[in-house]
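K.L.:
Sequence first, then the predicted structure, then my questions.
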Amino acid sequence: MASTSADRVLRPESGRYDELANALRALAMDAVQQANSGHPGAPMGMAEMAVALWSGHLRHNPGNPGWPDRDRFVLSNGHASMLLYALLHLSGYDLPIEELQRFRQLHSKTPGHPEVGLTPGVETTTGPLGQGLANAVGMALAGKLLGDEFNRPGHVVVDHHTYVFLGDGCLMEGISHEVCSLAGVWRLNKLIALYDDNGISIDGAVDAWFRDDTAARFRAYGWNVIGPIDGHDVVAIGRSIADARRSADRPTLIVCRTTIGRGSPGRAGTAKAHGEPLGADEIAATRAAIGWHEAPFEIPDTVRARWSARDLGARREAQWRLGFEAYRSEYPALAAEFERRIAGDLPSSFHEAASAAMIELGQATTPVASRKASQQALAMLAPKIPEMLGGSADLTGSNLTDFPGCGAVRAGQPGGRHVNYGVREFGMAAIMNGLALHGGFIPYGGTFLTFSDYSRNGIRMAALMKLRVVHVFTHDSIGLGEDGPTHQAVEHAASLRLIPNLDVWRPCDAAETAVAWAFALEQRTRPSALLLSRQNLPPQARTAEQVAQIRRGGYVLSDRPEPQVVLIGTGSEVSIAMEAQRLLDAVGIAARVVSLPCSTLFDRQEAAWHEQVLGRGIPRIGVEAGVTSWWGQYHCVAALGVNSFGESAPGPQVYEHFGLDAKALADLAREVRFVRSRS
């Protein structure tokens with residue numbers, strides 16, 4: 001999107017151009033021009049920043065992007081994707097020039113914004129501003145915690161930095177405050193952020209709407225701040241990075257004063273450089289201005305040789321692996337555990353622990369809130385799965401995301417497994433994504449379901465990136481009671497189910513809760529959301545076969561011969577369906593009760609299973625303490641739910657107020673049957 005602003009912000013700089021930086025500029029403007037779409041200005045402005053980091057400090061191996069102890073690099077201002085693609089191509093990753101020529105084209109490895117898992121060397125998917133910075137905080141936290149856990153005297157197997165490039169947009173987004181505050185509290189000294197302070201955003205010069213004293217802001221967080229420096233002086237930037245690496249107890253922000261679109265005579269320092277191709281004439285003028293005379297997408301061999309990091313990267317990884325083998329000789333169990341954790345494999349004891357949890361919780365005879373059942377499952381699973389790293393957005397006592405002996409994550413105190421995120425739902429979600437991306441941890445975090453709105457985009461990004469993270473959302477309905485409509489989630493379950501690749505569980509009792517946890521932990525390529533009740537839920541009787549069927553997302557919980565109606569319930573409303581079944585028995589109407597703890601998983605089952613569970617030609621009625629429109633996907637002829645905001649009153653009274661009870665459901669079933677019989 002281009003701006004009509006005439007504002008121009010030119011930062012003081014030396015005027016010298018480096019051929020390594022010019023190669024980045026040329027590839028960026030050529031690719032954007034060929035695609036007729038993209039953002040050339042930021043890559044051109046950050047070129048020297050990239051040279052200073054990638055050619056002088058970044059420890060990575062283009063021949064093995066997954067080397068465990070590599071430095072992580074995050075491009076938080078992901079619209080500058082051509083900077084990253086040019087870096088990956090020139091340094092030797094498996095990203096040939098043909099892919100840069102196919103920038104932003106269908107099925108290319110160079111999409112409009114970087115996507116992890118698609119392009120070798122891309123560490124995270126960035127685009128929504130601020131979240132890359134948050135992911136970097138999570139990566140740095142993961143590195144710190146893994147180092148505390150696995151490093152031993154004389155054997156440092158985890159010793160890498162996390163670098164992140166960010167811009168004004170990232171700092172304007174509120175999530176930057178949430179996560180940078182935490183980074184300072186956690187003293188993540190191996191986190192180094194380089195701020196592209198160019199003074200321009202899409203609408204023009206930012207000083208009309210962004211006048212923060214950024215340096216003071218970050219010092220207040222507890223960060224080390226360097227600069228402002230000339231962001232086009234490779235030597236000065238490199239020296240600043242070296243200073244940042246020496247920080248013993250604080251993350252570092254390096255403020256780099258740059259000019260967006262540097263080198264472009266007509267576009268440098270303007271908003272027009274941000275989000276549209278320069279045009280053939282301006283590209284020609286830019287080539288002349290910076291002294292770059294190569295044809296589009298052509299890089300001189302001498303420049304390629306200077307950029308290549310394959311040999312150095314291979315030597316660095318080989319050196320680390322020699323050290324790791326020495327570590328293995330002295331600590332074989334730790335080495336094996338480290339490799340298992342990095343590979344993402346669950347421990348061999350997982351299935352035994354999961355089975356024990358399902359058996360124990362499945363034998364419950366007294367009502368229990370599913371949030372409490374979740375904590376009981378955690379108490380059995382987490383000690384067997386050391387990579388589980390939990391937390392809560394200041395609601396630990398309500399979400400019940402802690403477990404005996406978990407300990408708290410605190411700066412200078414190794415060993416904690418529970419993170420107090422504070423009231424920072426969005427930051428928590430994005431940091432969890434960073435933890436998962438780094439490897440070695442399965443993060444989970446809790447808040448109230450209604451506050452999933454705050455973390456929504458972080459949840460979406462986890463689904464897009466295919467990350468194993470678990471969101472624990474308690475107080476899942478009007479059943480929470482007196483806190484009223486601000487806290488009573490009515491549309492949230494249906495809304496979360498719309499996110500592709502996200503499993504949404506709403507278990508009806510302790511047994512389904514245990515299965516939900518076990519299943520979520522097994523999912524290597526999808527996040528899960530567990531929607532849990534505040535109020536107690538009665539246990540349901542099941543056969544061993546039915547317990548196994550919970551893992552299909554939907555199953556027949558209670559049946560009658562030749563059923564005349566199917567009642568489909570989720571979570572706390574399954575017990576309402578069971579009671580309605582008994583009321584219908586008394587009037588001679590046979591009802592089947594289907595429990596649907598995870599509709600997203602049920603939807604992935606084969607058609608034969610759907611027919612076996614839901615029947616054919618039998619009217620279906622859905623019941624859930626939330627909006628009813630989503631039931632149409634199961635061809636329900638009617639649904640009982642809540643299509644307005646809630647009320648402030650004790651939970652049972654709220655249910656009564658909305659007519660959400662067994663009698664109302666049974667009456668609805670009788671009405672449906674009567675209408676069908678008349679037709």
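P.N.:
Structure's in. What do you need?
K.L.:
CA only for contacts and neighbour counts going forward, please
P.N.:
Will do.
K.L.:
before we move on, which element is Val74 in?
P.N.:
Following DSSP states H and E, the helix or strand that holds Val74 is strand 72-75.
K.L.:
Strand partners (parallel or antiparallel) of that strand?
P.N.:
strand 162-167 (parallel) (DSSP bridges).
K.L.:
The strand holding Val74: what's the following helix or strand?
P.N.:
Immediately after strand 72-75, counting by DSSP H and E, sits helix 81-91.
K.L.:
would you list every one of the strands in the stretch 151-300 of the chain?
P.N.:
Taking DSSP state E, counting those that start in this stretch, the strands of the stretch 151-300 of the chain run over residues 162-167, 191-197, 200-201, 204-205, 224-230, 252-257.
K.L.:
for the stretch 451-600 of the chain, same thing?
P.N.:
Using DSSP E, counting those that start in this stretch, strands in the stretch 451-600 of the chain cover 470-474, 503-505, 528-531, 536-537, 555-558, 565-569, 591-595.
K.L.:
could you dump the ones you listed to a markdown table with distance to Gly167, mean pLDDT and mean neighbour count?
P.N.:
Formatted as a markdown table, the strands of the stretch 451-600 of the chain follow (distance: least, CA to CA, whole Å; pLDDT from 0 to 100; neighbours: other CA atoms under 10 Å):
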| stretch | distance to Gly167 | mean pLDDT | mean neighbour count |
| --- | --- | --- | --- |
| strand 470-474 | 29 | 98 | 27 |
| strand 503-505 | 33 | 98 | 28 |
| strand 528-531 | 31 | 98 | 27 |
| strand 536-537 | 48 | 98 | 20 |
| strand 555-558 | 50 | 98 | 21 |
| strand 565-569 | 47 | 98 | 27 |
| strand 591-595 | 48 | 98 | 27 |
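K.L.:
so can I have TSV of those showing distance to Ala208?
P.N.:
As requested, the strands of the stretch 451-600 of the chain are exported to TSV (distance: least, CA to CA, whole Å):
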stretch	distance to Ala208
strand 470-474	38
strand 503-505	43
strand 528-531	40
strand 536-537	53
strand 555-558	58
strand 565-569	53
strand 591-595	55
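K.L.:
returning to that earlier point: point out the one among the strands of the stretch 151-300 of the chain that comes closest to Val593.
P.N.:
Judged by CA to CA, the one of the strands of the stretch 151-300 of the chain that comes nearest to Val593 is strand 162-167, at 51.6 Å.
K.L.:
just to revisit the earlier point, include distance to Gly458, mean pLDDT and mean neighbour count when you put the strands of the stretch 151-300 of the chain into JSON lines, please.
P.N.:
As requested, the strands of the stretch 151-300 of the chain are exported to JSON lines (distance: least, CA to CA, whole Å; pLDDT from 0 to 100; neighbours: other CA under 10 Å):
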{"stretch": "strand 162-167", "distance to Gly458": "18", "mean pLDDT": "99", "mean neighbour count": "24"}
{"stretch": "strand 191-197", "distance to Gly458": "20", "mean pLDDT": "99", "mean neighbour count": "26"}
{"stretch": "strand 200-201", "distance to Gly458": "23", "mean pLDDT": "96", "mean neighbour count": "24"}
{"stretch": "strand 204-205", "distance to Gly458": "28", "mean pLDDT": "96", "mean neighbour count": "22"}
{"stretch": "strand 224-230", "distance to Gly458": "27", "mean pLDDT": "97", "mean neighbour count": "19"}
{"stretch": "strand 252-257", "distance to Gly458": "23", "mean pLDDT": "98", "mean neighbour count": "26"}
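K.L.:
Among those, which comes closest to Ile385?
P.N.:
Closest among the strands of the stretch 151-300 of the chain, using CA to CA: strand 162-167, at 25.8 Å.
K.L.:
Asn151: neighbouring residues, count only.
P.N.:
15 (other CA atoms under 10 Å).
K.L.:
how close does it get to Gly391?
P.N.:
24 Å (CA to CA, to the nearest Å).
K.L.:
Equivalent analysis for Asp585, please.
P.N.:
45 Å.
K.L.:
what helices or strands is the helix or strand of the chain with the lowest mean pLDDT leaning on?
P.N.:
Ranked by mean pLDDT, DSSP states H and E, the weakest helix or strand in the chain is helix 662-678, scoring a mean of 85. Here helix 662-678 touches helix 574-585, strand 638-640, going by 3 or more CA pairs under 8 Å, 6 or more residues apart in numbering; DSSP states H and E.
K.L.:
To Arg25, which of these lies closest?
P.N.:
strand 638-640 (58.3 Å).
K.L.:
before we move on, back to that, residues contacting the least confident helix or strand of the chain, please?
P.N.:
For helix 662-678, contacts defined as CA atoms under 8 Å, 6 or more residues apart in numbering pick out 564-565, 576-581, 583-584, 589, 619, 621, 623, 637-638, 640.
K.L.:
One more pass at 6 Å, please.
P.N.:
576, 579-580 (CA atoms under 6 Å, 6 or more residues apart in numbering).
K.L.:
Same check on stretch 57-65?
P.N.:
In contact with stretch 57-65 (CA under 6 Å, 6+ apart) are residues 70-71, 92-93, 121, 310, 313-314.
K.L.:
most neighbours, which of these?
P.N.:
Gly121 (27 neighbours).
K.L.:
so what's it up against?
P.N.:
Pro65.
K.L.:
from the contacts of stretch 57-65, which is closest to Ala136?
P.N.:
Asp71 (11.1 Å).
K.L.:
Enumerate every residue touching the closest one.
P.N.:
Taking CA under 6 Å, 6+ apart, one finds 59, 160-162 in contact with Asp71.
K.L.:
Gly632: which of these is nearest?
P.N.:
Thr162 (46.7 Å).
K.L.:
Surely that closest one is in contact with Arg72?
P.N.:
Yes - between Thr162 and Arg72 there is a contact under CA atoms under 6 Å: 4.6 Å.
K.L.:
for stretch 271-291, which positions count as buried?
P.N.:
271-278, 282-283, 286-287, 290 (16 or more other CA atoms under 10 Å).
K.L.:
Let me see the confidence value for Arg11.
P.N.:
Arg11 is assigned 89 on the pLDDT scale.
K.L.:
Could you point out which residue ranges in the stretch 551-679 of the chain have low pLDDT?
P.N.:
674-679 (pLDDT under 70).
K.L.:
one more time with 90
P.N.:
673-679 (pLDDT under 90).
K.L.:
Could you check how many residues crowd around Leu601?
P.N.:
Using other CA under 10 Å: Leu601 sits among 19 other residues.
K.L.:
Wait, a strand at it?
P.N.:
No - counting by DSSP: H, G, I helix; E, B strand; the rest coil, Leu601 is not found in a strand; it is helix.
K.L.:
Can you name the residues that contact the closest residue to it other than its chain neighbours?
P.N.:
Of all residues not flanking Leu601 in the chain, Gly553 sits nearest, at 4.9 Å (CA to CA, 6 or more residues apart in numbering). Residues near Gly553 by CA under 6 Å, 6+ apart: 596-599, 601-602.
K.L.:
Who wins on neighbours among the residues you listed?
P.N.:
Neighbours here mean other CA under 10 Å. Within these, the largest count is held by Pro597, at 30 neighbours.
K.L.:
picking that back up, of the contacts of helix 662-678 - the most surrounded one?
P.N.:
Neighbour counts for the contacts of helix 662-678 (other CA under 10 Å) peak at Ala580, which has 24 neighbours.
K.L.:
how close does that one get to Met29?
P.N.:
66 Å.
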